[in-house]
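*Asks:* I need the structure of the sequence given here:
(chains A, B and C)
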Amino acid sequence: MRPLPLSFYARPAAVVARALLGQRLISTVGGAPCALRIVEVEAYIGPDDPACHAFEWHRSPRNESLYGRPGLLYVYFTYGMHWCANVVTEREGFPAAVLLRAGEPLEGLAAMRRRRHRAKDTDLASGPAKLAQALGISRAHDGHVLARAPVWIAEGPPVLAHRRGTSVRIGVRLGADRLLRYFERGNPHVSPPRG
DNA sequence: CTTGAGATGTTT
DNA sequence: AACATCTCAAGA
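*Replies:* Alright, predicted model coming up:
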């Protein structure tokens, strides 16, 4: 399927986050095509956001991709064993991104189950590290342009506002006042809490 | 359904 | 010491 234009990502991170709900995330890592419908995301927005990895313009080899052009993948390693995938947004030089938190499996279920050992379908990609693992995304894909293989996003039916839920971001202490998590309400592939 | 602990390594 | 997490086991 045809990738979204890179101009899609050159907007405020919260706008891109909401627009990403319902889009199709595709991976051909490892050869087998896999596709997820994006059902949960979070925005991390710039040097004033204490939960953003680039708070106060912090810059290091780890988060270099955050400062790149919109449409790049920012992949980071966390908790000693997990990878998480973000989409860089806004403009080059301004660090803002959308964390891809959960997806509903559409294609390539066998390959995703292989990478996710014993997972039920609602456990294949219902969390950021699960999603990255299901699609085979890791360090090798940090800085990859989301407009070509092996990872890209194609157009899908958007999640309309009345089906959308909003909450604080999961697992963050600083910046916990901001409502920057967006998800499709009631979808069992969203990570808890699903309300 | 919930809670709690352990795994594991990079960054601060 | 904290961390944008997951899994398993145990309890309600």
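*Asks:* average model confidence for stretch A:161-179?
*Replies:* Stretch A:161-179 carries an average pLDDT of 90.
*Asks:* Pull out the buried residues from it.
*Replies:* Residues A:165, A:169, A:172, A:175, A:178 are the ones in stretch A:161-179 that count as buried (16 or more other C-beta atoms under 10 Å). No exception for glycine: its C-beta is placed from N, CA and C like everyone else's.
*Asks:* what's the first-to-last distance across it?
*Replies:* Separation of the first and last residues of stretch A:161-179 by C-alpha to C-alpha, to the nearest Å is 15 Å.
*Asks:* can it be found next to DNA strand C?
*Replies:* Yes: Stretch A:161-179 reaches DNA strand C (C-beta under 7 Å from any atom of the strand) through A:169-174.
*Asks:* re earlier: widest-spaced pair of the buried residues of stretch A:161-179?
*Replies:* A:Gly165 and A:Gly175 (19.0 Å; C-beta to C-beta).
*Asks:* What average pLDDT does the helix or strand encompassing A:Glu42 get?
*Replies:* Using DSSP states H and E, A:Glu42 falls within strand A:34-45. When pLDDT is averaged over strand A:34-45, the result is 96.
*Asks:* Show the subsequent helix or strand relative to it.
*Replies:* strand A:73-78.
*Asks:* residues of that next one that come out buried?
*Replies:* Buried, per 16+ other C-beta under 10 Å, within strand A:73-78: A:73-76.
*Asks:* nearest to A:Arg115, of those residues?
*Replies:* A:Val75 (15.4 Å).
*Asks:* so what's the closest one up against?
*Replies:* A:65, A:83-86, A:132, A:137-139, A:141-142 (C-beta atoms under 8 Å, 6 or more residues apart in numbering).
*Asks:* can you do 6 Å?
*Replies:* Residues near A:Val75 by C-beta atoms under 6 Å, 6 or more residues apart in numbering: A:83, A:85, A:141-142.
*Asks:* out of those, which is most surrounded?
*Replies:* Most neighbours among the contacts of A:Val75, by other C-beta atoms under 10 Å: A:Ala85, with 27 neighbours.
*Asks:* Name the residues that touch the host helix or strand of that residue?
*Replies:* Assigning secondary structure by DSSP H and E places A:Ala85 in strand A:82-88. Applying C-beta under 6 Å, 6+ apart, the external contacts of strand A:82-88 come out as A:68, A:70, A:72, A:74-78, A:97-100, A:128-129, A:132, A:137-138.
*Asks:* A:Asp48 versus the residue nearest the centre of chain A, what's the distance?
*Replies:* For chain A, A:Leu100 is the residue whose C-alpha lies nearest the centre (C-alpha atoms, centre = their mean; 1.6 Å). Distance, A:Leu100 to A:Asp48, using C-beta to C-beta, to the nearest Å: 23 Å.
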